[in-house]
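Participant: here's my sequence, what's the structure:
(one chain, ligands or ions: 2)
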Amino acid sequence: MEQLKLKALAKINLGLDVVGKREDGYHEVRMIMQTINMYDRIAIKKINEQEIKVKTNLYYLPNNENNLVYKAAKLLIDEFKIQQGVSINLEKYIPVAAGMAGGSSDAAAILIGINKMFKLGLTRKQLMERGVRIGADVPYCIMRGTALAEGIGEKLTPLKPMPKCYVLIAKPGISVSTKLVYGNLKADEISHHPDIDGMIEAVNNNDLTTIVDKMENVLEGVTINEYPVIEEIKNMMKANGALNAMMSGSGPTVFGIFSDYAKAKRAFQIINANPQVKQSYLTSVYNNRR
Ligand SMILES: C[C@@](CO)(OP(=O)(O)O)[C@H](O)COP(=O)(O)OP(=O)(O)OC[C@H]1O[C@@H](n2ccc(N)nc2=O)[C@H](O)[C@@H]1O
Ligand SMILES: Nc1ncnc2c1ncn2[C@@H]1O[C@H](COP(=O)(O)OP(=O)(O)O)[C@@H](O)[C@H]1O
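Facilitator: Numbers count the residues shown, from 1 in each chain. Ligands and ions are numbered 1, 2, ... in the order given. As a prediction, the model looks like this:
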C-alpha cells in the first residue's frame, strides 16, 4: 500500500453539560455528539527514513510535534517500534480552534490509517484507548455518528442515528482556546443544566423537534460573554429559518439545524454575505460509524 487517503470528519455538540471538575483540572461532561459531513483530507505515505513529515495547506498550523497528526503517528510508531517513517499531507477544511474537533478528527484518522498501513491489528477499542492520550474528543472521532460522551468525553455510548437534517456552520473571525474556556467556567456555579437525558430520549424516538428544543451548551455563556458576535450569529440563523442554533463545543462556531433544504440554502446565502462571518458552510449530519 503506497498511499492511504482518509477523510477526517468534523463534529458538533447537540448538547453539552459539565457535571463536575476532576483533580487534574479536566471537567466531567455529558455531551451529545454528532458527526457532520464536513472534512479534512489526509494522505499518508510510508517512507524509508525514520521520520514523521507533515505538510499542511495552512501556513499557521504547526508541522512539527505540535500538530496532532504528528502526535498520533508518533504514538503508534514508538509503541510498535516501527522501523520506517510516514509522510502526512493534511488538507484542512474544518475551521481551526473552532469547537469542531478538527485536530482531534485528524489524529483519529492517523491512528486508523497507521493501524491499517502497518497491519498493527489494533481493535477500534484499543485505538480509542490510545486516542484519549492525544485529546478528549479523539475516541469519539474514531467512533463517529450520534453518541453520548461522558467522563472527559471518552466514555461513549452509541445512540440511534440523528434524524436527517441540514447543518449550517458559521464561524466568526475569532479563534477560541478550549483550555481557556474550560478554565473560565465556574463548574460549581452552573445554575441550569441542559436536559441531556431528554435529548437522548428524543434521539431514540427519532424526534427532531424535541432534539432541537433541548439544544443547550453550558460553555456558551463563557464564550459569548467575551464574543457577543456568537449570539448575533445565532439570532441571524433563527431569524432565517433554523429550527434552532447553538455554539458548538467551546466555540466560536455556531451551527443551525434545518429540516428544509431550500430554507437552509437561503439562510446560508444571507449568513455567508455577513461581514462578521469569516467561514460558512452548508452541510448535513453524517451517521456511518467506523
Ligand atoms: C469542548 C469540547 C466538546 O466536544 O470540544 P472542542 O470545543 O475542543 O471541539 C471537548 O470537551 C474538548 O475536547 P478536546 O479539544 O479534545 O480537549 P483536550 O485537547 O483533551 O483538552 C484541551 C483542554 O481543555 C480542557 N478540558 C478538556 C476536556 C474536558 N473534558 N475538560 C477540560 O477541562 C483542559 O484544560 C485541556 O487542557
Ligand atoms: N491537525 C490540526 N488541526 C487543527 N489544529 C491543530 C492541529 N494540530 C494542532 N493543532 C492546534 O490545536 C489547536 C486547536 O485545534 P482544533 O482541533 O482545530 O480546535 P477545536 O478543538 O476547538 O475543534 C489549534 O490552535 C492548533 O494550533
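
Participant: low-scoring stretches of the stretch 51-200 of the chain, by residue?
Facilitator: Counting by pLDDT under 70, the stretch 51-200 of the chain contains no low-confidence range.

Participant: show me which residues of it sit near ligand 1.
Facilitator: Within reach of ligand 1 by CB under 6 Å from any ligand atom, the stretch 51-200 of the chain has these residues: 99-101, 104, 135-137, 152-153, 178-179, 182. Just so you know, the C-beta spots here come from the backbone N, C-alpha and C atoms, and that holds for glycine as well.

Participant: a helix runs through residue 69, doesn't it?
Facilitator: Yes: applying DSSP: H, G, I helix; E, B strand; the rest coil, one finds residue 69 inside a helix.

Participant: can you flag the buried ones in the residues of the stretch 51-200 of the chain next to ligand 1?
Facilitator: With burial judged by 16 or more other CB atoms under 10 Å, the buried subset of those is 99-101, 104, 135-137, 152-153, 178, 182.

Participant: among the residues you listed, which ones are in helices?
Facilitator: The members of these that map onto helices under DSSP state H are 104, 178, 182.

Participant: which ones are touching the residue nearest to the first one when sequence neighbours are not counted?
Facilitator: Nearest in space to residue 104, with sequence neighbours left out and distances taken as CB to CB, 6 or more residues apart in numbering, is residue 137 at 3.9 Å. Residue 137 sits next to 11, 101, 104-105, 153 when contact means CB atoms under 8 Å, 6 or more residues apart in numbering.

Participant: which part of the stretch 151-290 of the chain gets nearest to ligand 2, residue-wise?
Facilitator: Closest contact between the stretch 151-290 of the chain and ligand 2, by CB to the nearest ligand atom, is at residue 178 (5.1 Å).

Participant: ok, that residue - contacts?
Facilitator: Contacts for residue 178 (CB under 8 Å, 6+ apart) come out as 97, 99, 249-250.

Participant: now with 6 Å?
Facilitator: Neighbouring residues of residue 178 by CB atoms under 6 Å, 6 or more residues apart in numbering: residue 250.

Participant: for residue 85, grab phi and psi.
Facilitator: Phi and psi for residue 85, reported as degrees, to the nearest 10, are phi -120, psi -180.

Participant: beta partners for it?
Facilitator: With DSSP bridges applied, residue 85 shows beta-bridge pairing to residue 47.

Participant: and it, what is it in contact with?
Facilitator: Per CB under 6 Å, 6+ apart, neighbours of residue 85: 47, 49-52.

Participant: filter those down to the buried ones, ChimeraX style.
Facilitator: To isolate the buried subset of the contacts of residue 85 in ChimeraX, counting by 16+ other CB under 10 Å, use the following:
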select :52
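
Participant: output the contacts of residue 85 in JSON lines; the columns should cover secondary structure and distance to residue 110.
Facilitator: Below are the contacts of residue 85 laid out as JSON lines (DSSP: H, G, I helix; E, B strand; the rest coil; distance: CB to CB, whole Å):
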{"residue": "47", "secondary structure": "strand", "distance to residue 110": "15"}
{"residue": "49", "secondary structure": "coil", "distance to residue 110": "18"}
{"residue": "50", "secondary structure": "coil", "distance to residue 110": "17"}
{"residue": "51", "secondary structure": "coil", "distance to residue 110": "15"}
{"residue": "52", "secondary structure": "strand", "distance to residue 110": "10"}
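
Participant: does residue 220 touch residue 247 like I think?
Facilitator: Yes: at 4.7 Å, residue 220 counts as touching residue 247 under the criterion of CB atoms under 6 Å.

Participant: which one of the two has more residues nearby?
Facilitator: Taking other CB atoms under 10 Å, residue 220 and residue 247 do not tie; residue 247 has more neighbours (28 against 20).

Participant: for that one, what are its contacts?
Facilitator: Residue 247 makes contact with 217, 220, 230, 254, according to CB under 6 Å, 6+ apart.

Participant: please apply the same query to residue 32.
Facilitator: 14-15, 199.

Participant: which one (most neighbours) among those residues?
Facilitator: Ranked by neighbour count (other CB under 10 Å), the contacts of residue 32 have residue 14 at the top, with 28 neighbours.

Participant: between the contacts of residue 85, which is nearest ligand 2?
Facilitator: Closest approach between those and ligand 2, by CB to the nearest ligand atom: residue 52, at 12.8 Å.
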